[in-house]
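Novice: what shape does this take:
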Amino acid sequence: HGSTMSGEGAVGEVERPAKRAKCWPGTYEPPRTKPARVANWKEALRGGDTAMFGSDGECEVIYDGYPKARVHLLALAAPGSALREVKSVADLRPAHLEAVRRFHASVRSCADAARGHCEALRLGYHAQPSMNWLHCHIVSTDFDSPCLKTKHHWLSFTTDFLVSPEDLEALLETDDDGLALKRELDRRSTLVTKTPLKCHKCRRAQPNMPALKRHIASCCAARAS
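Specialist: Numbers count the residues shown, from 1 in each chain. Sure thing, here's the model as predicted:
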């Protein structure tokens with residue numbers, strides 16, 4: 001469950017069955033249109049044109065406006081919760097650990113509800129997020145989406161650039177000097193530039209994104225059959 005902090009391990013997939021919390025819907029119905037453009041893209045998760053999936057008081061979950069897979073949700077700290085004003089995963093400190101654990105319990109509960117709409121899910125935070133406000137991705141591992149276009153997109157979800165909830169908690173537990181998390185995030189941030197393109201299922205290298213997308217469609221289909 002989750003990644004291994006190795007940088008080169010297989011993609012972590014969440015497949016635990018669990019009872020769905022009543023606050024999460026039984027359907028997955030993303031908006032048919034793209035969100036309206038905002039003046040400051042980095043602030044789009046707050047006050048932008050977002051569509052709500054559900055909320056349980058600890059986290060609120062929205063549909064990703066530019067999904068990179070058939071299922072792609074973003075979990076943010078709910079209003080009034082302990083992590084609400086945390087801008088980024090890099091701003092977390094050991095003092096946040098218990099709040100992070102509560103947040104992750106809610107994120108996993110939401111993932112359990114979304115799992116019925118896909119084969120498997122991956123959960124995690126980008127080591128270097130492009131948008132403000134702490135948010136955890138809940139993304140299916142089919143990576144079948146026209147919005148997934150670039151090598152950066154691919155590597156940001158299929159390498160340890162995506163920091164799993166388990167890894168984040170482990171880092172906060174052992175961050176004695178307050179710098180361990182920063183050092184690890186800096187290391188992982190290089191993965192989107194240094195890692196070659198390869199299939200997340202069979203690990204076969206691919207020359208470019210069009211070739212990779214053609215390959216994963218057949219590879220995933222073969223493994224699902």
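Novice: endpoint to endpoint, stretch 43-53 covers what distance?
Specialist: Terminal residues of stretch 43-53 are spaced 19 Å apart (Cα to Cα, to the nearest Å).
Novice: cool, stretch 195-213 as well?
Specialist: End-to-end distance (Cα to Cα), stretch 195-213: 17 Å.
Novice: which other residues reach stretch 70-84?
Specialist: The contact list for stretch 70-84, computed with Cβ atoms under 8 Å, 6 or more residues apart in numbering, reads 28, 45, 53, 55-64, 86, 96, 99-100, 102-103, 106-107, 110, 114, 117-118, 121, 133-140, 142, 144-145. (C-beta placed from N, C-alpha, C; glycine too.)
Novice: repeat for stretch 92-105
Specialist: Residues contacting stretch 92-105 (Cβ under 8 Å, 6+ apart): 58-59, 75, 77, 81-83, 86, 134, 136, 165, 168-169, 172-173, 175, 178, 181.
Novice: give the rounded mean pLDDT of it.
Specialist: Averaging pLDDT along stretch 92-105 yields 97.
Novice: that older thread, in PyMOL, select just the buried ones from the contacts of stretch 70-84.
Specialist: Here is the PyMOL command that selects the buried residues among the contacts of stretch 70-84 (16 or more other Cβ atoms under 10 Å):
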select buried, resi 28+45+53+55+56+58+59+60+61+62+63+64+86+96+99+100+102+103+106+107+110+114+118+121+133+134+135+136+137+138+139+140+142+144+145
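Novice: from the contacts of stretch 70-84, which land in strands?
Specialist: Mapping the contacts of stretch 70-84 onto strands (DSSP state E) picks out 53, 55, 59-63, 121, 135-140.
Novice: any idea of the pLDDT on the nearest residue to K68 once chain neighbours are set aside?
Specialist: Excluding the flanking residues, the one nearest K68 by Cβ to Cβ, 6 or more residues apart in numbering is L148, at 4.4 Å. What the model reports for L148 is a pLDDT of 96.
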